[in-house]
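1. here is a sequence with its predicted model. Questions after.
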Number of protein chains: 2
Amino acid sequence: MTIQSRMQAKNASPRILGAARAIAHREGAGKITIDAVAREADLSKGGVLYNFPTKRALLAGLLDEMLAEHRERLASVPEDRRSRTLRGHLEAIVQARAVDDDLSMAILAAAASDPRLLDPLRAELTGDLERILSDTQDTSGAMVVVLAIQGLRFQKLLGLPDGGAGLRGRVIEQLRAMINELE
Amino acid sequence: MTIQSRMQAKNASPRILGAARAIAHREGAGKITIDAVAREADLSKGGVLYNFPTKRALLAGLLDEMLAEHRERLASVPEDRRSRTLRGHLEAIVQARAVDDDLSMAILAAAASDPRLLDPLRAELTGDLERILSDTQDTSGAMVVVLAIQGLRFQKLLGLPDGGAGLRGRVIEQLRAMINELE
DNA sequence: CATTATTCACCGTCCATTCGGCAATTTTAT
DNA sequence: ATAAAATTGCCGAATGGACGGTGAATAATG
């Protein structure tokens, strides 16, 4: 560990972001501190601050990473399907593992420390929403699905009751059906 | 629990909680600090800590207040209607004004500082969900509505795009219709 | 050698919490 | 009924720790 960890990696940023995610997942979004992240990433505090000159930048980096993964998930939906963006949003949360939870914690951390950090997320979602709504005539029907997906996100994030895995599966199935019925 | 048992002549607790809400609303959940709350409530720091011996207790107090208002809103739905709890949840968010927003910020503050603070909220929602699901055969249909309502909450809280007031109104109308169609 | 990545030692600030005291109020004793 | 004692509600200064950030020195890379 000492030898490898002392070797300079090309870029410690991913390790740092991973460490931040791990802390957020384990101890809560509020525990993301530069010292803690440095410890977790096996790096000095200066090392962290070299890659992310401020804590704000670190949080912004977390969100950026999240948005990148989000875009990737959306892109994985076949081009030709109707309601492509909406499907992407749903499948993104279906496939979400622990990693995704951590990144949602980043939203909380960002929102708590500085609501403006969420601006890129807002911009992204605004674009998504436009695409989703222009994909169908039944805008309110589509919006209900969007909202339910967001509800799933935060339910998981905050550990709110979900009625059990079975129900969850049926809900997702139903949301898929609702998307199919959009015109 | 030292929630409301202090009803002696002078009691600064409500003023303190109000101050905390005001700060959360104005500057974000992360800015809730004992000093700031004391200043806002026109009280000394010691005064705040006399009423809420720790910051954790203060946040717990915020959540407790929120749950009380939540219960009140639920109780305002006529006894005889079907899907009473579910309707209550929906109407609660329809009627929500600024006050409610502030209290949602309290959720963020609590989640960020210590996820366990959300335990009472989880318990309350678990009970609500049980009632909601036992009110109907179409559990996944009901759950979709629950999730959409939660989505509305966080959308508002985080300032995420909502497609405009018109769409929002139609969505709420549609959710009402979905509730009516539950069996 | 030049650039990049990282360490190390600090600094100043903020912040939760503690503590001793104080005025007003309430309780107890006389 | 009244003096004494205890309690309540709060103040304000002090403490100590955590946290974000800086800058000079050092190691690694190419």
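-> Now that the structure is in, tell me what you want to look at.

2. following the chain past the helix or strand of chain A with the lowest mean pLDDT, name the next helix or strand.
-> In chain A, no helix or strand scores lower on mean pLDDT, DSSP states H and E than helix A:2-6, which sits at a mean of 37. Counting by DSSP states H and E, the next helix or strand C-terminal to helix A:2-6 is helix A:13-27.

3. number of residues surrounding the closest residue to residue A:64 other than its chain neighbours?
-> Once flanking residues are discounted, residue A:64 sits nearest to residue A:120: 6.9 Å by CB to CB, 6 or more residues apart in numbering or on different chains. (Glycine included, C-beta is placed from N, CA and C.) A count of neighbours around residue A:120, defined by other CB atoms under 10 Å in any protein chain shown, yields 15.

4. give the full set of residues in contact with residue A:120.
-> A:60, A:63, A:64, A:67 (CB atoms under 8 Å, 6 or more residues apart in numbering or on different chains).

5. the residues you listed: which two are farthest apart?
-> A:60 and A:67 (10.4 Å; CB to CB).

6. who's more crowded, those two?
-> residue A:60 (19 against 16).

7. measure the more buried one to residue B:59 for me?
-> 26 Å (CB to CB, to the nearest Å).

8. where does the prediction get shaky in chain A?
-> For chain A, the stretches with pLDDT under 70 are A:1-10, A:97-102.

9. hey, where'd the helices end up in it?
-> Along chain A, the stretches classed as helices by DSSP state H are A:2-6, A:13-27, A:34-40, A:45-51, A:55-75, A:84-95, A:98-113, A:119-134, A:139-158, A:165-181.

10. can you lay out these as CSV showing distance to residue B:110?
-> As requested, those are arranged in CSV below (distance: least, CB to CB, whole Å):
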stretch, distance to residue B:110
helix A:2-6, 36
helix A:13-27, 14
helix A:34-40, 20
helix A:45-51, 27
helix A:55-75, 19
helix A:84-95, 24
helix A:98-113, 10
helix A:119-134, 21
helix A:139-158, 10
helix A:165-181, 25
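
11. so which of those helices comes closest to DNA strand C?
-> With CB to the nearest atom of the strand as the criterion, DNA strand C lies closest to helix A:45-51 of the helices of chain A, at 2.4 Å.

12. list the buried ones in the closest one?
-> A:48, A:49, A:51 (16 or more other CB atoms under 10 Å in any protein chain shown).

13. near DNA strand D, from the residues you listed?
-> Among the buried residues of helix A:45-51, the residues lying close to DNA strand D (CB under 7 Å from any atom of the strand) are residue A:49.

14. closest to residue B:35 out of the buried residues of helix A:45-51?
-> Closest approach between the buried residues of helix A:45-51 and residue B:35, by CB to CB: residue A:49, at 26.6 Å.

15. can you pull the contacts of the closest one?
-> Taking CB under 8 Å, 6+ apart, we find residue A:49 in contact with residue A:34.

16. I'd like to know how far it sits from residue A:16.
-> 10 Å.

17. do the same with residue A:36
-> Distance, residue A:36 to residue A:16, by CB to CB: 11 Å.
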